[in-house]
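Pasting the sequence and the predicted coordinates here, then a few questions.
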Amino acid sequence: MRSPPAFDVDTGPREACGVFGIVAARRRAEAPSSELAKTAFFGLFALQHRGQESAGIAVMGPGGIRAHKGMGLVTQVFTEKDLAPLVGDLALGHVRYSTTGTSEVQNAQPYVIHTGAGPLALAHNGNLTNAHMLRGALHDRGVGLVSDSDSELLTQLLAGAVSKPDWTSRIESVMQVAEGAYSLVLMTADAVYAVRDAHGFRPLYLGELPPEEGGENGAGDGARGWVVASESCAFGPIGARLLREVEPGEIVRLAPEGMSSRFPALPRRQRAFCSFEYVYFARPDSLVEGQLVHATRQRMGEILAHEAPADADLVVGVPDSALPAALGFSRASGIPYGEGLIKNRYIGRTFIQPTPEQRRAGVRLKFNPLSANLAGRRIVLVDDSIVRGTTAGPIVQLLRQGGAREVHMRVSSPPVRHPCYMGVDMPRREDLVASRLDVAAIARLIGADSCAYLSHEGMMQAIRAGLADDARHAHCAACFTGDYPLEVRDRVG
């Protein structure tokens, strides 16, 4: 049965999902418990911004893999009762927003299957650009599929690599044929694997858990555990320490006995980390490519202020992702920063369906204007992006209703003119407002007195300014430029 669509007043781009994996330092005197599943729960909770449609956790224990998943937020899917049976020393988790594959429970992850080489669980962030070809190859081999998600394709390809001697070799064989974006966390009977495509489109980070209590004094063995997650913000809540990112094209094996790494012999690929991670997706407290996202967004706002100044009295950011850029704009322009919109932090996603009238008034459900700060003032409204243009207009109108005399829209990223096929829910090109209208027409459409975007050069300047070694980094900006770093065989996304 199809699950009801979630109500979301935010029509901006959405990340495909967040992945998480953890390996406990195996204890000598204690039986496995549900403690690891609870740790995975808190890790997923920190990644909730990357996907809100479904959540799931799988744990490897003495009896094999046990999993629980469902539709909704992490706190809606899991209770203490749900976590209690998830007992083991290895675990992985997933939060999902669908890009390919419908929003239904059969597409929820992790995928769990039993293969000739033992049990396997998989969590995937990204999109395969040759999924149609791979699906046809599996059908030709008589493999049935229960979902329309490309993540299940990866699971079945791994299960079908029967000629390979070990899981690392199986993963390598799949990397030879899978094209597009994939950051994977896999769990087998004795290890968790972290895998990233050769372009490095989507993020993936390694962390280390502290030694077991008592280990340093000889009461325990002092063994450490391992963590992998889509973002470093998932490490702090569970007491883990960030080690490094998983490199593009790397396979990392995490097990109680230690960590090992392998780089398969793959065709040389252009490094192409998603620039939208800096603009919108990543949490501001995450470290991406060694730099704090919050600082990068502030630099975007500062450069925007120099490129597109405005004669105004107050700078207001659209909560929450645009607030760092608004601070940067204020700092560079000298215009005071202030709050103009109060966000209801409990409206983000809900499975209670609104009436059509309430849906049209969705922005008013999410934001309230702070009239005391707006009345009679000329406002610079900073947002991180405009995709369809359906949210910007109502927000401008809210500021005017709050008493703003003028509203000047400033966007801390370039115009989004092209779809994304690498794991971001970007609409069709005809649905992207900047692909149909010029900037002056967009200003009229949203009811702003003026509108301006950060240039592509300005965005890249803000990103590269914080990189310790700019030469080893390259970024995908195809949604802004139309310059895709790979051939898109399947028009998906």
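Good, I have the coordinates. Numbering: from 1, shown residues only.

Just say helix, strand or coil for the nearest residue to L90 once chain neighbours are set aside.
Of all residues not flanking L90 in the chain, M60 sits nearest, at 4.0 Å (CB to CB, 6 or more residues apart in numbering). C-beta: built from backbone N, CA, C; applies to glycine. Judged by DSSP: H, G, I helix; E, B strand; the rest coil, the three-state class of M60 is strand.

count of neighbours near M60?
Neighbour count of M60, defined by other CB atoms under 10 Å: 27.

Report the beta-bridge partners for it.
I65, L90 (DSSP bridges).

Next one, pLDDT for it please.
If you check M60, the pLDDT there is 96.

what does F367 give?
93.

Mean pLDDT per helix and strand in this structure: which one sits at the bottom?
helix 356-360 (a mean of 61; mean pLDDT, DSSP states H and E).

Quick one: name whatever helix or strand follows it.
helix 362-366 (DSSP states H and E).

Check which element follows that next one along the chain.
strand 367-369.

max-length helix in this protein?
helix 293-307 (DSSP state H).

Give me the helices and strands touching that helix, please.
Applying 3 or more CB pairs under 8 Å, 6 or more residues apart in numbering; DSSP states H and E, we find helix 293-307 packed against helix 323-333, strand 406-411, helix 456-464.

quick one, which of these is nearest to V112?
V112 sits nearest to helix 456-464 of all the helices and strands packed on helix 293-307, at 37.4 Å, using CB to CB.

Only the C-alpha atoms, please, for the closest one, written as PDB.
Coordinates of each C-alpha in helix 456-464 appear next as PDB, following Å, rounded to 0.1, in the frame of the first residue of the first chain:
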ATOM      1  CA  HIS A 456      29.500  30.900  -9.700                       C
ATOM      2  CA  GLU A 457      32.900  32.300  -9.300                       C
ATOM      3  CA  GLY A 458      32.000  33.900  -6.000                       C
ATOM      4  CA  MET A 459      30.600  30.500  -4.700                       C
ATOM      5  CA  MET A 460      33.800  28.700  -5.700                       C
ATOM      6  CA  GLN A 461      35.900  31.400  -4.100                       C
ATOM      7  CA  ALA A 462      34.100  31.000  -0.800                       C
ATOM      8  CA  ILE A 463      34.500  27.200  -0.900                       C
ATOM      9  CA  ARG A 464      38.100  27.100  -1.900                       C
END
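
relative to helix 323-333, how tilted is it?
110 degrees (axes from the mean of the first three to the mean of the last three CA atoms, to 10 degrees).

How many neighbouring residues does D190 have?
When neighbours are counted by other CB under 10 Å, D190 comes out with 15.

Check the gap between L323 and S232 for me.
Relative to S232, L323 is positioned 20 Å away (CB to CB, to the nearest Å).

More neighbours: which of those two?
Ranked by neighbour count (other CB under 10 Å), L323 and S232 place S232 first, with 25 against 21.

State the pLDDT value of that one.
As predicted, S232 sits at a pLDDT of 98.

Would you agree it is in contact with E289?
No: the pair S232 and E289 does not pass the contact test of CB atoms under 8 Å, sitting 10.8 Å apart.

State the number of residues packed around the residue nearest to A477 when sequence neighbours are not counted.
Spatial nearest neighbour of A477, chain neighbours left out: S275 (4.8 Å); criterion: CB to CB, 6+ apart. If you count neighbours by other CB under 10 Å, S275 ends up with 22.

show me what contacts S275?
Neighbour list for S275: 459-460, 463, 475-477, 480 [criterion: CB atoms under 8 Å, 6 or more residues apart in numbering].

R244 - how many residues pack around it?
Neighbours of R244 (other CB under 10 Å): 10.

Show me where the stretch 151-300 of the chain dips below the pLDDT cut-off.
Counting by pLDDT under 70, the stretch 151-300 of the chain has low-confidence residues at 212-223.

again, 50 this time
For the stretch 151-300 of the chain, applying pLDDT under 50 flags the ranges 214-219.

Also the stretch 351-493 of the chain?
In the stretch 351-493 of the chain (pLDDT under 50), the answer is 491-493.

mind checking which of the helices and strands packed on helix 293-307 is nearest G144?
Across the helices and strands packed on helix 293-307, closest to G144 is helix 456-464 (CB to CB), at 43.7 Å.

Hmm, R436 and E430 touching each other?
Yes: counting by CB under 8 Å, E430 touches R436, with 7.0 Å between them.

and stretch 452-467, which residues are buried?
452-455, 458-460, 462-463, 466-467 (16 or more other CB atoms under 10 Å).

again with stretch 114-132
Buried, per 16+ other CB under 10 Å, within stretch 114-132: 115, 117, 120-131.

cool, and stretch 332-349?
Buried residues in stretch 332-349, counted by 16+ other CB under 10 Å: 332-333, 335, 337-341, 348-349.

which one of those sits closest to Q52?
Closest to Q52 out of the buried residues of stretch 332-349 is R349 (4.5 Å), distances taken as CB to CB.

okay if I get the buried residues of stretch 332-349 as CSV plus pLDDT, distance to A255 and secondary structure?
Output for the buried residues of stretch 332-349, formatted as CSV (pLDDT from 0 to 100; distance: CB to CB, whole Å; DSSP: H, G, I helix; E, B strand; the rest coil):
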residue, pLDDT, distance to A255, secondary structure
A332, 98, 49, helix
S333, 98, 52, helix
I335, 98, 54, coil
Y337, 98, 49, strand
G338, 97, 52, coil
E339, 96, 48, coil
G340, 97, 51, coil
L341, 96, 48, strand
G348, 58, 37, coil
R349, 52, 36, coil
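
ranges for the strands of the stretch 1-150 of the chain?
Taking DSSP state E, counting those that start in this stretch as the test, the strands found in the stretch 1-150 of the chain are 17-23, 54-61, 64-71, 90-96, 111-115, 118-125.

quick one on the thing from earlier: tabulate the helices and strands packed on helix 293-307 (TSV), appending distance to A305.
As requested, the helices and strands packed on helix 293-307 are exported to TSV (distance: least, CB to CB, whole Å):
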stretch	distance to A305
helix 323-333	4
strand 406-411	8
helix 456-464	10
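
Check the spacing between G447 and G389 real quick.
Applying CB to CB to G447 and G389 gives a distance of 11 Å.

Hmm, I typed the wrong one, I wanted L47.
28 Å.

quick one: which of the two has more around it?
Neighbour count, other CB under 10 Å: between L47 and G389, L47 has more, with 26 against 17.

Hmm, the more buried one is touching S232, no?
No: contact criterion CB under 8 Å: L47 and S232 do not qualify, at 10.6 Å.

ok, so of the buried residues of stretch 332-349, who is nearest S412?
Once CB to CB is applied, the member of those that ends up nearest S412 is A332, at 11.8 Å.

what's the burial count for the closest residue to G116 other than its chain neighbours?
Closest residue to G116 apart from its sequence neighbours, by CB to CB, 6+ apart: V162 at 5.8 Å. The tally of other residues near V162 (other CB under 10 Å) stands at 9.

right, and the secondary structure at V162 would be what?
Quick answer, by three-state DSSP: V162 is coil.

So what does it look like in phi/psi?
phi -70, psi -20 (degrees, to the nearest 10).

wait, what's in contact with the nearest residue to A108 once chain neighbours are set aside?
When the adjacent residues along the chain are set aside, A108 lies closest to S54, with 3.8 Å between them (CB to CB, 6+ apart). Neighbouring residues of S54 by CB under 8 Å, 6+ apart: 69-72, 77, 94-96, 103, 105, 107-109.
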